[in-house]
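A.B. asks: have a look at this prediction, sequence included:
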Amino acid sequence: MIRYVGIVCVLAAMACSAADGRPAVRWRGFNLLGMFQNHGQPAHFEEEDFKLISELGFNFVRLPMDYRFWIKDQDWTAMDDDRLVPVDQAVAYGQKYGLHVQLCFHRAPGYTVAKPPEPRDLFTDPEALRVCSLHWAHFARRYKGIPSSELSFNLFNEPGEVSEEAYERVATALVAAIRDVDPTRFIVADGLRWGGRPAQRLFKLGIGQAMRGYAPMSISHYMASWVGTPTDDPVWPPPQAVSPLYGPAKAPLNVPLVIEQVPAGTLAVRPGMVSGKVRLRVEADGTRLFDQVLEPRQGASDWTNVVYKSEWKINQGRCVRTFDVTLPNNVRRLQISLPEGDWAQLSTLTLTGPDGQIATMPFEQSWGRTNGTFRFTGFGPGQGFHAGQGSADGRAYLRKTLIDAWQPAFDAGIFTMVGEFGAYNRTPHALVLAWMEDNLRLWKERDLGWALWNFRGSFGVLDSGRKDVEYESFHGHQLDRKMLDLLQRY
């Protein structure tokens, strides 16, 4: 067990707020995955990672961990201290290289966002909550005496579709289990809905909260196997148009997509996911140009990812066919609607003019929103399909979809950070850098710390395996210098 005394305690008092132990500096760093998911491999953290992160000018690491690494014989109540030695080593490496270490139960007893799910539910099962509390109490005893300037606890990763009341009950119990042993430990809880918004009922606990920086998922998780086939190619700044279209049963959301002043040409309509049997219609100034029934069917050549939804007794699936619609001259009002059925996504509209010019209209998949009126402004650079509010703006999108949701936490003075962010290595690199910079600028404005997922690997700055990066050799690794330079600026 690691202990720190004397001068370290004096430094800790200087580095942390006397009121609640919150950090006095903005955390900037990485997630390290040495105990992320237990598939039978040994737990291990590389000292080199801590050394390099420090040398590159960062000050923070978050360790997302799976509790199955430290239990005996699959008994979730039996903790094996020998199996916690890698955590001890990681904490010691953080001390050695001046990095704050945050411990997170990525798979906690009773809850995970990963697969397979836990057999018992932390939010409804008292025994799961009791066991999870035992684990945090054990960690609190093991690391008691290490100041909060060096070490913090992150209760568990990304509560999903859970009520705020249930989250309050669970978080209150876990915080109490820790503070009964170590009253001064600084604690962070992830926000609700996978870190999408703050848990306001937790404000009174005197702990921090963590958001995520993955919006939109079409950028951060493009082509990632664990989230399924992407709906559409990533675009940044984000599309102004939103999808899906909704049928009559979803009123008042059943608003058609309207585009004004569209020239003659061919409009290629590329759908995405479709829910049940729907009718997709395209009209020009009241004249019907296209009317097509779409119905997901298992084994049909035009469909993939078809799943039967028993709760609604319908199939949902992705349409892989593109439909061409011939447009007449000088369409004043083009309307695309769903006059029958549940909902259907649009991935892209592509207009090809008579001389071969092309303009593309991508869509952001955003549930519960509708479109205003668009206008076609031309085929040239900076032209195309534009909404009345003007051109797309990445930071404005991020403020609206992420930052604004966290305003209650900012107003309440709650310590807030970004516990995870980044983009998978299949997203085009130039787009990733532009998207990351928009995020980083906003976080710096708000004095929010952050941790990239990960340091080495498919989201990271080292050995990420991207096909469109000119890597630099660095201590035996392949360094993404452009991404590193960007992170160092913020």
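C.D. replies: Received it, and whenever you're ready, just let me know what you need. Numbers count the residues shown, from 1 in each chain.

A.B. asks: where does the stretch 1-150 of the chain dip in pLDDT?
C.D. replies: Low-confidence segments of the stretch 1-150 of the chain, defined by pLDDT under 70: 1-20.

A.B. asks: now do the helices in it.
C.D. replies: Ranges of helices in the stretch 1-150 of the chain, per DSSP state H, counting those that start in this stretch, are 7-15, 47-55, 85-97, 126-142.

A.B. asks: so which of those comes closest to residue 425?
C.D. replies: Residue 425 lies closest, by C-beta to C-beta, to one member of these: helix 47-55, at 18.4 Å. The way it works is simple: take the backbone N, C-alpha and C, and place the C-beta from them, glycine included.

A.B. asks: please save the CA atoms from the closest one in CSV.
C.D. replies: Extracted in CSV, the C-alpha atoms of helix 47-55 (Å, rounded to 0.1, in the frame of the first residue of the first chain):
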residue,chain,number,x,y,z
GLU,A,47,6.0,3.0,-17.0
GLU,A,48,7.1,4.4,-20.4
ASP,A,49,3.6,5.8,-21.0
PHE,A,50,3.7,7.8,-17.8
LYS,A,51,7.2,9.0,-18.6
LEU,A,52,6.4,10.1,-22.2
ILE,A,53,3.1,11.7,-21.2
SER,A,54,5.0,13.8,-18.7
GLU,A,55,7.8,14.7,-21.1
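
A.B. asks: spatially nearest residue to residue 307 (excluding sequence neighbours)?
C.D. replies: In space, and not counting its chain neighbours, residue 307 is closest to residue 316: 5.6 Å by C-beta to C-beta, 6 or more residues apart in numbering.

A.B. asks: err, residue 326, not the other one
C.D. replies: Once flanking residues are discounted, residue 326 sits nearest to residue 266: 5.9 Å by C-beta to C-beta, 6+ apart.

A.B. asks: and stretch 159-174, what's buried?
C.D. replies: By neighbour count on 16 or more other C-beta atoms under 10 Å, the buried set for stretch 159-174 is 159, 162, 167, 168, 170, 171, 173, 174.

A.B. asks: stretch 478-490 too?
C.D. replies: 478, 479, 480, 482, 483, 484, 486, 487.

A.B. asks: hmm, who's touching that stretch?
C.D. replies: Under the criterion C-beta atoms under 8 Å, 6 or more residues apart in numbering, residues 28, 56-58, 429, 432-433, 436-437, 440-441, 443-444, 452, 460-464, 466, 469, 471-473 lie in contact with stretch 478-490.

A.B. asks: the residues you listed in strands, which ones?
C.D. replies: Secondary structure from DSSP state E places 28, 452, 472, 473 of the contacts of stretch 478-490 in strands.

A.B. asks: which of those residues lies closest to residue 301?
C.D. replies: Distance to residue 301 across the ones in strands among the contacts of stretch 478-490 (C-beta to C-beta) is lowest for residue 452, with 41.1 Å.

A.B. asks: let me see the contact set for that closest one.
C.D. replies: Residue 452 is in contact with 29, 30, 31, 420, 421, 422, 459, 460, 461, 487, counting by C-beta under 8 Å, 6+ apart.

A.B. asks: same list (those) but as a markdown table, adding distance to residue 382.
C.D. replies: Converted to a markdown table, the contacts of residue 452 look like this (distance: C-beta to C-beta, whole Å):
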| residue | distance to residue 382 |
| --- | --- |
| 29 | 38 |
| 30 | 37 |
| 31 | 38 |
| 420 | 34 |
| 421 | 29 |
| 422 | 29 |
| 459 | 32 |
| 460 | 34 |
| 461 | 32 |
| 487 | 30 |
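
A.B. asks: okay, now the unreliable bits of the stretch 151-300 of the chain?
C.D. replies: Within the stretch 151-300 of the chain, the stretches with pLDDT under 70 are 228-232.

A.B. asks: all helices of it, in order?
C.D. replies: For the stretch 151-300 of the chain, applying DSSP H, counting those that start in this stretch gives helices covering 164-181, 192-195, 217-220.

A.B. asks: same list (those helices) but as JSON lines, adding distance to residue 138.
C.D. replies: Shown next, in JSON lines, are these (distance: least, C-beta to C-beta, whole Å):
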{"stretch": "helix 164-181", "distance to residue 138": "9"}
{"stretch": "helix 192-195", "distance to residue 138": "26"}
{"stretch": "helix 217-220", "distance to residue 138": "34"}
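
A.B. asks: burial check on residue 355, number of neighbours?
C.D. replies: 7 (other C-beta atoms under 10 Å).

A.B. asks: picking that back up, so which of the helices of the stretch 1-150 of the chain comes closest to residue 194?
C.D. replies: Closest to residue 194 of the helices of the stretch 1-150 of the chain is helix 126-142 (C-beta to C-beta; 18.7 Å).

A.B. asks: next, the angle from that closest one to helix 85-97.
C.D. replies: 40 degrees (axes from the mean of the first three to the mean of the last three C-alpha atoms, to 10 degrees).
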